[in-house]
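J.: Have a look; sequence and predicted model below, questions after that.
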Amino acid sequence: MTDYKRILVTAALPYANGPVHIGHLAGCYLPADIYVRYQRAKKRDIKFVCGSDEHGVPITIRAMKVGITPQQVVDKYHELIKESFAQMNISFDIYSRTSSKMHHQTASDFFTKLYNDGLFEEKETEQYYDEKAKTFLADRYIIGTCPVCGNPRAFGDQCENCGSSLSPEMLIDPRSALSEATPIKRKTRHWYFPLQHYEAWLKEWILEDHKEWKNNVYGQCKSWLDNGLQARAMTRDSNWGIKVPLPDSEGKVLYVWFDAPIGYISATKELTAEWSDYWCKEDTKLVHFIGKDNIVFHCIIFPAMLKAHGNFVLPDNVPANEFLNIEGEKVSTSRNWAVWIDEYVKDFPGCEDALRYVLCANAPETKDNDFTWKDFQDRNNSELVAIFGNFVNRTFVLMHKLCNSKVPPLHIGILDETDNELIRNIQVSALKVQDSIEGYKFRDALFEVIDLARKGNKYLQEKEPWKKASGIERLSVSRNTEGSKLTAHSPQHEIDNCLHLCLQLTANLAILINPFLPATAKKMLHLMKVVDKMLEWENAGKMKLLSIGYSLRAPELLFRKIENEEITAQIEKLKTGLVKTETSTYMATAGDKETVTNQGSGKSTIQYEDFAKLDLRAGTILAAEKIEKADKLLKLEIDLGFEKRIIISGIALHFKPEDIIGKQVVVVANLAPRKMRGIESNGMILMAENKEGKLYFIKPDDVIDNGSLVS
Ligand SMILES: [Zn+2]
């Protein structure tokens, strides 16, 4: 439906198990906020809801490990997350939480309705149980040795060392992550939601009726639907969560992915008495902003639940983003490879808009993207400061110097083609920004705003009002001596026109940048001495936003430069945090050091078949160079006879690049490719390490053909 009367925007409920990082922000909260701020400026009826997701097993585990209650865990993180969002100016109408009474009631009623309509299937199955901790174990909480690579701390669903998908049955020596007890199987009864009954409907609703959804979203839905849907348990064995509202169901709660999306409904109920207008009326446009890991829940499971319930509208769009990596590596909260919002706002006070800018300009809208501190600095200094901030500042400085600190008049008769082109550009940009935001293309929209500021700088450069000012001085001198008069086409008139247009452009820039950088728009309003109302979108493209003769404030810088030392400190912090946590985790393969070490203990015996899986080859180092910002890594080009490979090796602290060119080495040629610092590494060089930590190449004792098999 295109003719909607109101919009309801939801942003994925963050899990109250830790603070939020920039990946979260770039993934859904920032795009949602931009969209909402724009719609508010359009004066549309819109509500923006979110809240903390406070149920689920990881929270009970965290509580158990720290020795506090689950409630204490969620209380702590709910407050921290809420504050981080407020600091970044994410403008929720409500930030609620799923432990609220309202939510428990809403989710419970939802379940009961589906149950009473006979839509669940009740099934008894066997599941893993920890007798010591007295709890059923999700696959993630069973650990053991990986049958593929021998990693002694592989999870029951996946080995994070080799990436293999696993099931608890495949683990060697499986044990509970909670108590180390050997899991046993125990019978348990649960309620399943038969997704397969909704498959045909979902296929039509998504694959036929929502072809406009983003490619990454549509593609993931299609793949789920093509593989066929199955019944999913909507309840779990736990004491933390929303109790199953049925008799004889002690110790059972709603599955966290059943209750969390219902949290959007509960939050709306808490926000407004008219909540049902937003959830039950067909002329509502419901938009879910999420990250790609939530696509199946928001596009398939939750819509099927809403459809089954029958009273609610379905999402009009689910503009999910991909992931934001950091310095070439995936964000990992357990390894502390992340940029945390609560730390950013302490380290860069007053620079919230700089982060919003970079995260939007570099948003992972269509594919995974990389955040680097260097790029953060570059974009801040060369785009925000040097283009946008510079234009506004020059305009204000010149206006004070050449126009008496007031908005100068416009002399229409002498407008030239350059002036008219600037006016057209303002109008065209306003429309382009609007279309891009409506189409969830926030990067394009932001680029357009910066480009308009760039055009403003170009215009000033062409007009050079400061040069014309010196012309006036000459003119007044000549008038004194010869008594001549200023003509209508005087240099001051040209100066007036130039700065009049630049000031109207400044006002337009404030309107256009407002959804993206709200604090900056506010500062601009202050400089121009105008009220919030000017930021309404209907003013975008207009040329009479500032009245002639109106006096404006003295210039103030909108942004500050980010210095090299600040960037170095952040990169250092990232690495130190990583080292601190890595000592406490297993072989996390930071990628910074790839050496084969075997201290004669800690690794289990393998069979010949395991060894035979390795494709070891002789090769020669053709080229070696350091990698910027990674002091331990060398980028090597290796000749393997049958092909040349790029391999990243963590040996830069041990060897100078020029010393190892031409050396013959042994390469693990069939190692899965891995990206480090944005470069794909295809293999690994075998090294030996002595007791002092010195590294040695493993190589044939005579030069042999590159590509020769080692076995
Ligand atoms: Zn493995």
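T.: On my side now, so go ahead.
J.: Around the ion, pick out the residues from the stretch 101-250 of the chain.
T.: Residues of the stretch 101-250 of the chain that fall close to the ion, judged by Cβ under 5 Å from the ion: 146, 148, 149, 151, 159, 161, 162. Where C-beta positions appear, they are placed from N, C-alpha and C, glycine not excepted.
J.: thinking the third one is in contact with residue 164, fair?
T.: Yes - shown here, residue 149 and residue 164 form a contact pair, counting by Cβ atoms under 8 Å, at 7.3 Å.
J.: shared neighbours, these two?
T.: With contacts taken as Cβ atoms under 8 Å, 6 or more residues apart in numbering, residue 149 and residue 164 have no neighbour in common.
J.: could the residues of the stretch 101-250 of the chain next to the ion be laid out in JSON lines, adding secondary structure and distance to residue 669?
T.: Output for those, formatted as JSON lines (DSSP: H, G, I helix; E, B strand; the rest coil; distance: Cβ to Cβ, whole Å):
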{"residue": "146", "secondary structure": "coil", "distance to residue 669": "21"}
{"residue": "148", "secondary structure": "coil", "distance to residue 669": "18"}
{"residue": "149", "secondary structure": "coil", "distance to residue 669": "16"}
{"residue": "151", "secondary structure": "coil", "distance to residue 669": "21"}
{"residue": "159", "secondary structure": "coil", "distance to residue 669": "21"}
{"residue": "161", "secondary structure": "coil", "distance to residue 669": "19"}
{"residue": "162", "secondary structure": "coil", "distance to residue 669": "16"}
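J.: Filter those down to the buried ones, ChimeraX style.
T.: Only the buried entries of these go into this ChimeraX selection, using 16 or more other Cβ atoms under 10 Å:
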select :146,148,149,151,159,161,162
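J.: who does the lengthiest strand in the chain pair up with?
T.: Criterion DSSP state E: the longest strand present in the chain is strand 616-627. Strand pairing for strand 616-627, determined by DSSP bridges: strand 630-639 (antiparallel), strand 664-668 (antiparallel), strand 709-710 (antiparallel).
J.: any chance of these in CSV, with mean neighbour count and mean pLDDT too?
T.: What follows is those, written out as CSV (neighbours: other Cβ atoms under 10 Å; pLDDT from 0 to 100):
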stretch, mean neighbour count, mean pLDDT
strand 630-639, 21, 86
strand 664-668, 21, 91
strand 709-710, 13, 86
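J.: got CSV for those, with distance to residue 559 too?
T.: Converted to CSV, those look like this (distance: least, Cβ to Cβ, whole Å):
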stretch, distance to residue 559
strand 630-639, 29
strand 664-668, 47
strand 709-710, 56
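J.: out of those, nearest to residue 423?
T.: Nearest of the strands paired with strand 616-627 to residue 423, taken as Cβ to Cβ: strand 630-639 at 48.6 Å.
J.: Run through the neighbouring helices and strands of the helix or strand just after that closest one.
T.: Once the chain leaves strand 630-639, the next helix or strand it forms, by DSSP states H and E, is strand 644-649. With contacts taken as 3 or more Cβ pairs under 8 Å, 6 or more residues apart in numbering; DSSP states H and E, strand 644-649 sits against strand 616-627, strand 630-639, strand 679-681, strand 684-685.
J.: Let's see that with 7 Å instead.
T.: strand 630-639, strand 679-681, strand 684-685 (3 or more Cβ pairs under 7 Å, 6 or more residues apart in numbering; DSSP states H and E).
J.: I'd like to know which elements the next helix-or-strand element following that strand is packed against.
T.: Going down the chain from strand 644-649, the next helix or strand is helix 657-660, by DSSP H and E. For helix 657-660, the elements it packs on are strand 616-627, judged by 3+ Cβ pairs under 7 Å, 6+ apart.
J.: Please put the alpha-carbon coordinates of the strand it packs on into PDB.
T.: Provided in PDB are the C-alpha atoms of strand 616-627 (Å, rounded to 0.1, in the frame of the first residue of the first chain):
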ATOM      1  CA  LEU A 616      51.700 -28.900   1.700                       C
ATOM      2  CA  ARG A 617      53.800 -27.400  -1.200                       C
ATOM      3  CA  ALA A 618      57.200 -25.900  -1.700                       C
ATOM      4  CA  GLY A 619      57.200 -22.300  -2.900                       C
ATOM      5  CA  THR A 620      59.400 -19.300  -3.200                       C
ATOM      6  CA  ILE A 621      58.900 -15.800  -1.800                       C
ATOM      7  CA  LEU A 622      58.800 -13.500  -4.800                       C
ATOM      8  CA  ALA A 623      57.900 -10.300  -3.000                       C
ATOM      9  CA  ALA A 624      57.400  -9.100   0.600                       C
ATOM     10  CA  GLU A 625      56.100  -5.900   1.900                       C
ATOM     11  CA  LYS A 626      54.900  -4.400   5.200                       C
ATOM     12  CA  ILE A 627      51.100  -3.800   5.600                       C
END
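J.: which stretch of helix or strand covers residue 505?
T.: helix 491-513.
J.: shaky segments in the stretch 1-150 of the chain?
T.: Within the stretch 1-150 of the chain, the segments meeting pLDDT under 70 span 1-2.
J.: As a check, name the ranges of all helices in it.
T.: 22-24, 30-41, 57-66, 70-87, 101-116 (DSSP state H, counting those that start in this stretch).
J.: Within range of the ion, give me the residues from the chain.
T.: Within the chain, the positions near the ion by Cβ under 5 Å from the ion are 146, 148, 149, 151, 159, 161, 162.
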